[in-house]
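[1] sequence and predicted structure are below.
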Amino acid sequence: MFKKLTKATAKPAVWSAYTAEVMWADSHIARQMLDFHLNPDINVASRTAVFINESVDWLTSELHLNEASKTIDFGCGPGLYTQRLKAKGIGTVVGLDFSENSLNYAAEQATRLNLAIEYHPGNYLNYTDSRQFDLITLIMCDLCALSPSQRSLLLGKFKSMLSPNGVIALDVYTATRFAKQSESVSLTKNAMNGFWSAEDYWCIQSSFKYEDNSVTLDKYVISEAGREWIVYNWLQHFTIEILSRELEAHDLEIRTTYSDLRGTPYADGDEMAVVIRHK
């Protein structure tokens, strides 16, 4: 038992494992995630409904989006942003997501509401498109879950898919949030109200900080009677300077910085949002 616990709570090398597909491929977890997405009152998998409405209103107005505009949402989930953008009369609206469960829901809603939206399943790191878009979105701090090499790959895609006057809108966690994080270990039966499995399980959660990298990790070791698996939830934390350097490598730059994607004026906090353009 000592060896098992020592291994379960061992601190891995930064960015040494990637398990994002577990969150979307497991049918039970995918259902839990969809429930979180669709709860309009919580800020877990998606922003609240009030926030999303305000965000879409602001993006449409600020960027002068119209029936000739092309938008694409990386990590669109069940289509909460794409549906609202299309309902605003945006010409081309595209959504990408890992979760077929979420995309099936998004497509059903689009059909029900008679909204012509393109949805493409799969890992958006592998997505290609010859079109150029006026707005590319990556929302809910998704960039933070990607390793440096994955971020570079994605920003390269954004550069190639961005129209000459187009912008990228995304949000990230900040150094302010990183400073508040601490390391810990916990053992809980059926943790997070049964989130990880429909069967009984034990969950060992180890939270780590990587001071030199401004990265945190929540490592979950989930043990059922017949199986055990590990989920790694990495989060990169940014300063404006760090994000600017990553963008500069792809000839991109921050046009404006905000507190969130509703256009709230920038103030120091746990998150920040940026609108990015060609350099």
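    Noted; the coordinates are in hand.

[2] pLDDT below threshold where in this protein?
    By pLDDT under 70, the weakly predicted segments of the chain are 24-25, 36-38, 40-46.

[3] quick one: the helices in it?
    For the chain, the helices defined by DSSP state H occupy 2-8, 20-25, 27-38, 49-62, 80-87, 100-112, 148-161, 175-180, 191-194, 240-248.

[4] need the winner for burial among these.
    Of all these, helix 80-87 carries the top mean neighbour count, a mean of 22, counting by mean count of other Cβ atoms under 10 Å. For every residue, glycine as well, the C-beta is placed using N, CA and C.

[5] so how far is that one from its chain's centroid?
    The chain centre lies 17 Å from the centre of helix 80-87; the measure is Cα atoms, centre = their mean, to the nearest Å.

[6] same question for stretch 232-242.
    Relative to its chain's centre, stretch 232-242 lies at 12 Å (Cα atoms, centre = their mean).

[7] picking that back up, now the helices of the chain in JSON lines, with distance to residue 210?
    Shown next, in JSON lines, are the helices of the chain (distance: least, Cβ to Cβ, whole Å):
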{"stretch": "helix 2-8", "distance to residue 210": "19"}
{"stretch": "helix 20-25", "distance to residue 210": "18"}
{"stretch": "helix 27-38", "distance to residue 210": "25"}
{"stretch": "helix 49-62", "distance to residue 210": "30"}
{"stretch": "helix 80-87", "distance to residue 210": "31"}
{"stretch": "helix 100-112", "distance to residue 210": "30"}
{"stretch": "helix 148-161", "distance to residue 210": "12"}
{"stretch": "helix 175-180", "distance to residue 210": "10"}
{"stretch": "helix 191-194", "distance to residue 210": "23"}
{"stretch": "helix 240-248", "distance to residue 210": "14"}
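
[8] of all the ones you listed, which one is nearest residue 70?
    helix 148-161 (9.4 Å; Cβ to Cβ).

[9] what's in contact with that closest one?
    Helix 148-161 is touched from outside by 15, 18, 72, 74, 124-125, 127-129, 131-133, 136, 138, 143, 146, 168, 236, 246-247, 249-252, 276, 278, with contacts defined as Cβ atoms under 8 Å, 6 or more residues apart in numbering.

[10] start and end of stretch 266-279, how far apart?
    Distance across stretch 266-279, first residue to last, is 21 Å (Cα to Cα, to the nearest Å).

[11] in that stretch, what counts as buried?
    Judged by neighbour count using 16 or more other Cβ atoms under 10 Å, the buried positions of stretch 266-279 are 271, 272, 273, 274, 275, 276, 277, 278.

[12] picking up where we left off before, now the buried members of the contacts of helix 148-161.
    Buried among the contacts of helix 148-161 (16+ other Cβ under 10 Å): 15, 72, 74, 124-125, 133, 136, 138, 143, 146, 168, 236, 246-247, 250, 252, 276, 278.

[13] in strands only, show me these.
    72, 74, 133, 136, 138, 168, 236, 252, 276, 278 (DSSP state E).

[14] how much space separates the closest residue to residue 257 other than its chain neighbours from residue 12?
    Closest residue in space to residue 257, ignoring its immediate chain neighbours: residue 266 at 4.7 Å, by Cβ to Cβ, 6 or more residues apart in numbering. Using Cβ to Cβ, to the nearest Å, residue 266 is found at 34 Å from residue 12.

[15] try residue 263
    38 Å.

[16] between the two, point out the one with more neighbours.
    residue 263 (17 against 14; other Cβ atoms under 10 Å).

[17] residue 58 is in contact with the more buried one, correct?
    Yes: using Cβ atoms under 8 Å, residue 263 is in contact with residue 58, at 4.4 Å.

[18] now do the contacts for the residue nearest the centre of the chain.
    By Cα atoms, centre = their mean, the chain has its centre lying nearest to residue 142, at 2.4 Å. Residue 142 makes contacts with 74, 75, 170, as judged by Cβ under 8 Å, 6+ apart.
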